[in-house]
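Student: Requesting a structural model of the entry that follows:
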Amino acid sequence: MTSLPGRGRTAVTAVLSSALLLSACSAAGTGKAEADLHDQLPEAVKKAGVIRVGASLTAAPVIFRSPEGQPDGLDPDLGAAMAKVLGVRFEFQDAGPFSNVLPGLLDKKYDVAMSGITDNLNRRQGLDKNGKQVNDGVDFVDYYMAGIGIMVGKGNPAKIVKIDDLCGHAVAVKKGTTHNDLALRQKAVCDGQSKPLKVEETTDDAGAMEELRSGRADAYVTDYPKALYNSQVAAGGKSFDIAGPQLQPKPYGIALRKGDEQLRDVLAKAMRRLVADGTYDQILNSRKLTVGAIQSPVVNGGTS
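Tutor: Numbers count the residues shown, from 1 in each chain. The predicted structure follows:
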């Protein structure tokens, strides 16, 4: 996990649709169920009437900027729905590159992080890719399953289908992600086979796709929903393909600091309510992301 390079930057804060976001003072009028969850929020959150959400707006269709410059995608949709249930506002704040998101959360720049973040043991335990303790770790409220997707040039000229096929090629990855760690582990495997793997690290999806488009990379390894979306949308679907099936699905989670169990548990209840009342399925269907739907949101469900 990297240090936070963007301390001097001005966070871009977007307040989600006022039709969905209810202030804390109006919670009593939202109905007994909604008021009940509102009452379970930490006092500081109820007083502020807002949950600040750190994110990197670089990961369509999970989270990105709309043409108007506002947060858009699966995560803001779910945030808006939880805001309605909890009776507080959700404000998505742009942390810049993805590698800034969790450090910013641990530095208390926002209350939670929601940016297509994979729940895994290293992040929960605060370990780097070498198993060294680097921070206190975070908790997760899991809400979606996403595996690995491999984007390739149209027609897949390098004939890449699985991770082992990357040996002897160049791969683009977004810095600070689990895919970055995966590529570096695979690099050691490939070096041992005398088939070197070159890892090109970028700060966002656009940079990674440019590496692939220009030929500097033969593949881009990312989350399957993003790989599928970008292979269909970029250049009208004429530039990229997705190679092979989804690999190794793992949960996305809302990240919270250790010690924020009260907020964590209320968010888990809110997400379960969205699943139970059908709102969750409606949101995933509208984003064409039903492939990753889960039956019941859990806390810290990632296994590796």
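Student: C-alpha from now on. contacts and neighbour counts both.
Tutor: Will do.
Student: can you list the weak-confidence ranges in the stretch 51-200 of the chain?
Tutor: Within the stretch 51-200 of the chain, not a single segment meets pLDDT under 70.
Student: For it, just list every one of the helices.
Tutor: Here the stretch 51-200 of the chain has its helices, by DSSP state H, counting those that start in this stretch, at 74-86, 101-106, 121-125, 178-192.
Student: Show me what the longest one is packed up against.
Tutor: The criterion is 3 or more C-alpha pairs under 8 Å, 6 or more residues apart in numbering; DSSP states H and E, and the helices and strands that helix 178-192 contacts are strand 170-174, strand 198-202.
Student: Could you list the buried residues of that helix?
Tutor: Neighbour-count burial for helix 178-192 flags 178-181, 183-184, 186-187, 189-190 (criterion: 16 or more other C-alpha atoms under 10 Å).
Student: could the helices and strands packed on helix 178-192 be laid out in a markdown table, adding mean neighbour count and distance to Leu284?
Tutor: Compiled in a markdown table, those are given as follows (neighbours: other C-alpha atoms under 10 Å; distance: least, C-alpha to C-alpha, whole Å):
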| stretch | mean neighbour count | distance to Leu284 |
| --- | --- | --- |
| strand 170-174 | 26 | 24 |
| strand 198-202 | 19 | 28 |
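Student: Of these, which is nearest Pro249?
Tutor: Minimum separation from Pro249 across these (C-alpha to C-alpha) falls at strand 170-174, 17.5 Å.
Student: Export the closest one to CSV, keeping only CA atoms.
Tutor: Extracted C-alpha coordinates of strand 170-174, given in CSV (Å, rounded to 0.1, in the frame of the first residue of the first chain):
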residue,chain,number,x,y,z
ALA,A,170,4.0,-7.0,-21.4
VAL,A,171,0.9,-6.4,-19.1
ALA,A,172,-0.7,-3.1,-18.0
VAL,A,173,-2.1,-2.9,-14.4
LYS,A,174,-3.4,0.0,-12.3
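Student: Mind listing residues that contact that strand?
Tutor: The contact list for strand 170-174 (C-alpha atoms under 8 Å, 6 or more residues apart in numbering) reads 98, 179-180, 183, 197-205, 208-209, 211-212, 216-222.
Student: Then stretch 283-295?
Tutor: 61, 73-74, 77-78, 143-146, 225, 275, 281.
Student: same thing but 6 Å
Tutor: Outside stretch 283-295, the residues that touch it by C-alpha atoms under 6 Å, 6 or more residues apart in numbering are 144-146.
Student: This completes my enquiry, with thanks.
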